[in-house]
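>>> Everything below, folded, please.
(2 chains)
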Amino acid sequence: GEDVEQSLFLSVREGDSSVINCTYTDSSSTYLYWYKQEPGAGLQLLTYIFSNMDMKQDQRLTVLLNKKDKHLSLRIADTQTGDSAIYFCAESDAGRRALTFGSGTRLQVQP
Amino acid sequence: DARVTQTPRHKVTEMGQEVTMRCQPILGHNTVFWYRQTMMQGLELLAYFRNRAPLDDSGMPKDRFSAEMPDATLATLKIQPSEPRDSAVYFCASGLVLTPKPEAFFGQGTRLTVV
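Numbers count the residues shown, from 1 in each chain, chains lettered A, B, ... in the order given. Purely as a prediction, here's the structure:
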């Protein structure tokens, strides 16, 4: 079945870059996503990438996809304290479109 | 500002009671998802609908959970009877599956506590 894995915790200093990693197993994954969840809130879609791309940049966010290794990463440049949250990686296929989520990576940004 | 709206935001109920959670998807979206979030299991897909028809509800305990879309502006998730193990945050999400735009937008969730 589908499986998405992430490391549980990452701590960085304000102003540094953060890199959150994710691996997935489903070779039919067509879309890969990054969501952000702040305490007590819903999931906010940050960005997504098609499986036929290897990079996408959106302001401070850079997504890298290695389809051969089924590895996805999210880089946040100039990390701010407001970036402290849980970041979820997710995947879906072209037909079903239901998302399968990883367990989330808690990002702690130290001032 | 288009958003997915869920009600109630919080619900505390006694074991055995019926619980109904409601979701208003973003206008024009044709796909609605229900997810449950717990510390132990993370985010689990319970059910999803496309054009109001249930496509997959294999993630739901069938004996007590039911999901419906009475119309395009309302999705409901009902638990009867509720049990303490149903305590979780329930999220609704909606998306438009017609174009290569795969975004799914989440509501704020309903935090359910069954005592």
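>>> Please count neighbours and contacts with C-alpha atoms only from this point.
Noted.
>>> Tell me how far the closest residue to chain B within chain A lies from B:Phe106.
Residue nearest to chain B within chain A: A:Gly42 (4.2 Å; Cα to the nearest Cα). A:Gly42 sits 6 Å away from B:Phe106, taking Cα to Cα, to the nearest Å as the criterion.
>>> Spell out which residues of chain A are next to chain B.
Contact residues, chain A versus chain B (Cα under 8 Å from any Cα of the partner chain): A:31, A:41-45, A:48, A:97-103.
>>> 6 Å instead, please
By Cα under 6 Å from any Cα of the partner chain, the residues of chain A that approach chain B are A:41-43, A:103.
>>> Identify the farthest-apart pair in those residues.
A:Ala41 and A:Ser103 (16.3 Å; Cα to Cα).
>>> Please say which of these two ends up with more neighbours.
A direct count of neighbours by other Cα atoms under 10 Å in any protein chain shown for A:Ala41 and A:Ser103 places A:Ser103 higher, at 22 against 12.
>>> who's in contact with the more buried one?
Contact analysis of A:Ser103 by Cα atoms under 6 Å, 6 or more residues apart in numbering or on different chains lists B:Gly42.
>>> what about it, is that helix, strand or coil?
coil (DSSP: H, G, I helix; E, B strand; the rest coil).
>>> low-scoring pLDDT stretches of chain A, where are they?
A:1-2, A:96 (pLDDT under 70).
>>> all strands for it, in order.
A:4-6, A:9-13, A:18-24, A:31-37, A:43-50, A:55-58, A:61-66, A:71-76, A:85-92, A:100-101, A:105-110 (DSSP state E).
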